[in-house]
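Visitor: turn this into a structure:
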Amino acid sequence: MNKRVILLRRALLSGLIATFAASLLPAQTETHYLGFTYYQTLPGKAEAFRKFIETDMLKFGQMGVDEKNIDAYYVLRLTAPYTASSDYNFAQVVWYKNRPSLAPLDRKVWDARAKKAGYTDYQQYLDKRDTMAKVVRTTWRTSLSRIGEIHAGNYIRSANYQVDADHRNEMARFLREYTMPIAQYRIGSGGLLGWGVSRPAAAVMSDDEAGFSFSVSNVLKDGETLLAGPGALTEEVFKKAVPGKTYATYLNELNLLNVHRKITMTRIHEVVVLAGNPPQVTP
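Guide: This is a model prediction of the structure:
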């Protein structure tokens, strides 16, 4: 048998072994997708659209939860001082149970839901909605982390970070090793209700196209609590939140990371309505 044939057989055998070994590895953590739909109300229609959200839109969201197609549905109201310069003032958020589909809507399914909500069909629902607001855009994200709670009436402060491409893994590690335990401690001590990180869904949009790499959100009880903040991160608090790490090391790593990241947008939203509960997500 010539040497070339022997090498080919070895290569094939190595490939089979590698494939078999890969099949024995544990499955990757489930990916949780979020769909964001942004709305801008028509002049003088903000109050009417909010009532529409609290009634009809919530009905559709609750149906999705009850039918076990989604984990959670909520609508956010953008607050001052951001409304003046923004192209939207409300945002609908859907936590999908499975990866969202690129296929067209099944109008029979949506017509049936619309009838349950008191409409003749789904188009009538859309026509009513469009008299009060227009859809600005729709985006998808994936959840990197989410802990704690969220309720209607809560406020969410979100900061979007754009991170240099060769430091995005470092950012993810920093959030996992430092920011998440600090948030968990603050949730336990009552400073926060919830915390989470999402990223642009890579299959449909790059970080550069989205304008951010990571969106970090803090959930607080109400507007006053949000403006007061979760409290200063002193060395004493840090030691309780992140045992085994030193405060000096944390500050050093934070300063190094800040060279390669910048906040591109900060927003504060009120949770207007909520159906279901977003899943707890750990990296």
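
Visitor: nearest the geometric middle of the chain, what residue?
Guide: The chain has S198 as the residue nearest its centroid, 4.2 Å off, counting by CA atoms, centre = their mean.

Visitor: for that residue, give the beta-bridge partners.
Guide: Legend: beta-bridge partners of S198 under DSSP bridges are S143, S215.

Visitor: measure it to R173 for me?
Guide: 17 Å (CB to CB, to the nearest Å). Where you see a C-beta, it was placed from the backbone N, CA and C, and this is true even at glycine.

Visitor: what sits against the residue nearest to the centre of the chain?
Guide: By CB atoms under 8 Å, 6 or more residues apart in numbering, the contact list for S198 reads L34, R141, T142, S143, L144, F214, S215, S217.

Visitor: TSV for those, including neighbour count, distance to T249 and pLDDT?
Guide: Converted to TSV, the contacts of S198 look like this (neighbours: other CB atoms under 10 Å; distance: CB to CB, whole Å; pLDDT from 0 to 100):
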residue	neighbour count	distance to T249	pLDDT
L34	23	33	97
R141	21	31	97
T142	17	29	97
S143	20	28	97
L144	22	23	96
F214	20	21	98
S215	22	26	98
S217	19	26	98
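
Visitor: the particular helix or strand that has R157 in it packs against which elements?
Guide: R157 belongs to strand 155-163 when assigned by DSSP states H and E. Applying 3 or more CB pairs under 8 Å, 6 or more residues apart in numbering; DSSP states H and E, one finds that strand 155-163 makes contact with strand 214-220, helix 223-228, strand 261-276.

Visitor: out of these, which gets nearest to D130?
Guide: Closest of those to D130 is strand 261-276, at 18.9 Å (criterion: CB to CB).

Visitor: figure out how far that closest one is from the centre of its chain.
Guide: 9 Å (CA atoms, centre = their mean, to the nearest Å).

Visitor: now swap in stretch 195-210 and tell me
Guide: 9 Å.

Visitor: return the set of buried residues in it.
Guide: Under the neighbour-count criterion of 16 or more other CB atoms under 10 Å, stretch 195-210 has W195, G196, V197, S198, R199, P200, A201, D207, A210 buried.

Visitor: element containing the first one?
Guide: Using DSSP H and E, W195 falls within strand 194-200.

Visitor: list the contacts for V75?
Guide: Contacts of V75 by CB under 8 Å, 6+ apart are I53, M57, L58, G61, F90, A91, Q92, V93, V271, V272, V273.

Visitor: can you put the residues you listed in TSV and add secondary structure, distance to T246 and neighbour count?
Guide: Listed next are the contacts of V75 as TSV, based on DSSP: H, G, I helix; E, B strand; the rest coil; distance: CB to CB, whole Å; neighbours: other CB atoms under 10 Å:
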residue	secondary structure	distance to T246	neighbour count
I53	helix	47	23
M57	helix	48	23
L58	helix	47	20
G61	helix	45	23
F90	strand	44	23
A91	strand	39	19
Q92	strand	43	21
V93	strand	37	22
V271	strand	37	18
V272	strand	42	19
V273	strand	44	21
